[in-house]
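Asks: when you get a sec, could you give me coordinates for this:
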Amino acid sequence: MFLKRIKLLQENIPSFQEYPFSIPSIKSFHELHLEKSVTFFVGENGSGKSTLLEAIAYQCEFNTAGGGRNNIYDVHAAESALGEYIKLSWMPKITNGFFLRAESFYNFAAHLDEVEKGNGSRFSHYGGQSLFKQSHGESFLALFLNRFKDKAIYLLDEPEAALSPSRQLTLLRILYNLASKGEAQFIIATHSPIILGYPYADILSFDDGEISKIEYEMTDHYQLTKYFLENRQKLLSELFKEDE
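Replies: Residues are numbered from 1 along each chain as shown. Now for the predicted structure:
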């Protein structure tokens with residue numbers, strides 16, 4: 001555990017009527033205390049979970065389009081509007097880590113190719129070959145297995161985007177191998193009921209206009225998936241029923 005607290009500097013916010021401060025979960029947010037090596041952010045699209053994760057990346061001085069401190073490249077609309085309005089409390093402060101942003105991972109891979117051209121194309125931290133020479137899922141796993149090391153904080157925004165269910169289980173093993181040593185911290189925004197099933201984590205819900213701790217079995221992700229698997233025919237019949 002390194003990052004202990006996230007505080008919103010409400011007195012510095014010009015208006016809570018403007019995005020992203022108008023998002024209900026952000027508007028009601030004061031501070032979060034992180035108590036586990038793995039913390040999940042969950043919530044509907046637009047609930048603010050990725051917005052806050054991106055702001056944390058900004059304060060960590062990671063590239064908010066994806067990458068670490070040394071990955072300098074530009075992507076349109078990658079700026080964090082919330083980043084300057086939060087304060088992070090550390091014990092101890094660390095600078096190593098990575099921000100995985102699934103939606104702009106292609107841009108990070110392109111940046112990495114340019115960097116590695118000047119280094120003899122070693123790709124030593126990414127499995128020994130260009131991420132473009134691997135499938136989307138393989139490139140994610142190459143990143144997790146080779147770039148993620150101890151004494152670091154890792155911010156993952158929807159890592160399941162490129163991972164099959166079996167590869168998501170592989171990610172759980174990677175989380176366990178790193179976090180159980182107490183020398184790596186993860187904050188993960190996800191919709192995956194498989195990834196959320198990691199047992200040694202806190203789950204923070206951004207729904208219902210606030211950020212609050214929730215049990216795994218109480219998440220919409222678990223409940224809806226469970227209901228679908230147990231009542232597939234009934235649910236699909238209701239879903240596809242023509243309006244009378």
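Asks: quick one: Tyr154 is in a helix?
Replies: No: secondary structure of Tyr154 (DSSP: H, G, I helix; E, B strand; the rest coil): strand, not part of a helix.
Asks: where are the low-confidence patches of this structure?
Replies: For the chain, the stretches flagged by pLDDT under 70 are 69-79, 102-137, 243-244.
Asks: now with 80, please.
Replies: Applying pLDDT under 80 to the chain picks out residues 1, 65-80, 102-143, 146-147, 150, 242-244.
Asks: longest helix of it, counting residues only.
Replies: Across the chain, the helix with the greatest residue count (assigned by DSSP state H) is helix 165-179.
Asks: can you list the residue ranges for strands in the chain?
Replies: Per DSSP state E, the chain carries strands over the ranges 3-8, 31-33, 38-42, 86-90, 97-101, 152-157, 184-189, 201-205, 212-213.
Asks: give me the nearest residue to Ile94, chain neighbours excluded.
Replies: Excluding its sequence neighbours, the residue lying closest to Ile94 (C-beta to C-beta, 6 or more residues apart in numbering) is Phe2, at 4.9 Å. Glycine gets a C-beta too; all of them are placed from N, C-alpha and C.
Asks: wouldn't the one you found be in contact with Ser89 here?
Replies: No: using C-beta atoms under 8 Å, Phe2 is not in contact with Ser89; the gap is 10.1 Å.
Asks: pull the number of nearby residues for Arg147.
Replies: Residues near Arg147, counting by other C-beta atoms under 10 Å, number 17.
Asks: that one and Pro199, how far apart?
Replies: Plainly put, Arg147 is 25 Å away from Pro199 if you go by C-beta to C-beta, to the nearest Å.
Asks: so what's Ser47 up against?
Replies: Contact analysis of Ser47 by C-beta atoms under 8 Å, 6 or more residues apart in numbering lists Ile23, Pro24, Ser25, Phe206, Asp207.
Asks: returning to what we had before: where does the residue nearest to Ile94 fall, phi/psi-wise?
Replies: With angles defined as degrees, to the nearest 10, Phe2 sits at phi -120, psi -60.
Asks: the strands of the chain: which one's closest to Ala65?
Replies: Across these, Ala65 has its closest neighbour in strand 97-101 (6.3 Å, C-beta to C-beta).
Asks: redo the strands of the chain as a markdown table? Include distance to Ala55 and mean neighbour count.
Replies: Converted to a markdown table, the strands of the chain look like this (distance: least, C-beta to C-beta, whole Å; neighbours: other C-beta atoms under 10 Å):
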| stretch | distance to Ala55 | mean neighbour count |
| --- | --- | --- |
| strand 3-8 | 8 | 18 |
| strand 31-33 | 12 | 15 |
| strand 38-42 | 12 | 24 |
| strand 86-90 | 5 | 16 |
| strand 97-101 | 11 | 25 |
| strand 152-157 | 10 | 24 |
| strand 184-189 | 11 | 25 |
| strand 201-205 | 14 | 20 |
| strand 212-213 | 19 | 12 |
